[in-house]
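Asker: here is a sequence with its predicted model. Questions after.
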Amino acid sequence: MFAQVIVALDFPSRADAIALVDKLGQDCSAYKVGLQLLTEEGPEVVRELVGRGKSVFLDLKLHEIPNSVSSAVRAAGKLGAGMVTVHASADSAVLRAAVAAATDYPQLKVLALTVITSLTDNELPEIGLAPSVRLQVERLAKLAAVSGCHGVVASANEATYITTLLPAGSLIVTPGIQLAGASSNDQARVATPAFARQAGASHVVIGRSITQAENPKAAFASALSSMGARNAG
Ligand SMILES: O=c1ccn([C@@H]2O[C@H](COP(=O)(O)O)[C@@H](O)[C@H]2O)c(=O)[nH]1
């Protein structure tokens with residue numbers, strides 16, 4: 001299976017985001033909308049992407065009481081989002097509420113966020129988590145599985161063992177992807193697209209390596225070709 005590339009539209013405006021979408025054209029079919037663009041522009045930008053036939057990963061990183069998470073997941077489904085994120089550490093009741101809310105929206109997949117890719121073993125003690133990223137990811141991936149989530153978000157470095165913890169066909173979505181020669185910026189658990197694909201990621205999320213590249217179309221093509229894929233589908 002080819003891993004699909006999702007380009008993160010971390011932009012301050014709709015105009016900037018859509019300019020990038022226009023540059024990539026038919027090559028890219030999946031985009032991530034996160035807190036910056038959503039807060040700046042509201043849900044209309046998601047509707048616009050969906051209207052253009054793009055698949056939208058709405059990265060809300062929900063961590064709330066079950067009723068609020070459930071309502072937000074329904075709102076994501078109504079917008080036509082294809083994926084939405086919930087912090088796995090919110091607990092199994094919250095994850096189950098998210099999955100139940102998504103059942104009315106067949107296109108919508110609930111992803112449980114395990115450990116954010118900017119963290120390493122060094123930061124976990126100060127936030128009261130398991131002593132290693134590996135252990136914390138394992139705990140939360142198992143929780144996601146028993147709660148019925150469609151997949152998880154983790155770094156590509158954990159993807160291989162995550163595949164042994166989740167039901168077959170689960171999504172493993174990996175941010176922290178670095179193209180050759182690009183900076184890792186604030187990411188800590190980084191990997192190349194080729195590594196992520198080999199490790200079993202179903203999707204790679206790439207932001208700045210593409211959006212801030214001199215030639216975003218060429219950067220996107222290089223990510224695809226390094227994974228042995230000919231197109232985004
Ligand atoms: O653990 C996580 C969860 C989400 N993200 C998001 O992915 C992109 C990565 O952007 P880059 O510019 O390629 O670093 C960004 O939108 C994050 O919010 C993540 O990085 N790690």
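Answerer: Alright, I've got the coordinates.
Asker: run through the protein and note the low-pLDDT ranges.
Answerer: For the chain, the stretches flagged by pLDDT under 70 are 1-2, 230-233.
Asker: who in it is up against the ligand?
Answerer: 8, 10, 32, 34, 59, 116-117, 153, 175-177, 185, 187, 205-209 (C-beta under 6 Å from any ligand atom). In this view, the C-beta of every residue, glycine as well, is placed from N, C-alpha and C.
Asker: and residue 148, how close does it get to residue 21?
Answerer: 32 Å (C-beta to C-beta, to the nearest Å).
Asker: about what we covered before: now the residues of the chain next to the ligand: which count as buried?
Answerer: 8, 10, 32, 34, 59, 116-117, 153, 175-177, 187, 205-209 (16 or more other C-beta atoms under 10 Å).
Asker: residue in the protein with the shortest distance to the ligand?
Answerer: Of all residues in the chain, residue 207 sits closest to the ligand, at 2.6 Å by C-beta to the nearest ligand atom.
Asker: that residue against residue 5, yeah?
Answerer: No. At 11.1 Å, residue 207 does not count as touching residue 5 under the criterion of C-beta atoms under 8 Å.
Asker: now do the SS call for residue 204.
Answerer: Assigned by DSSP: H, G, I helix; E, B strand; the rest coil, the conformation of residue 204 is strand.
Asker: got a list of what residue 61 touches?
Answerer: Counting by C-beta atoms under 8 Å, 6 or more residues apart in numbering, residue 61 touches 35, 85, 86, 87, 113.
Asker: the same query, at a cut-off of 7 Å, please.
Answerer: The neighbours of residue 61, taking C-beta atoms under 7 Å, 6 or more residues apart in numbering as the test, are 85, 87, 113.
Asker: for residue 17, same thing?
Answerer: 9, 11, 37, 45.
Asker: tell me how many other residues crowd residue 115.
Answerer: 28 (other C-beta atoms under 10 Å).
Asker: looks to me like it is in a helix.
Answerer: No. Using three-state DSSP, the assignment for residue 115 is coil, not a helix.
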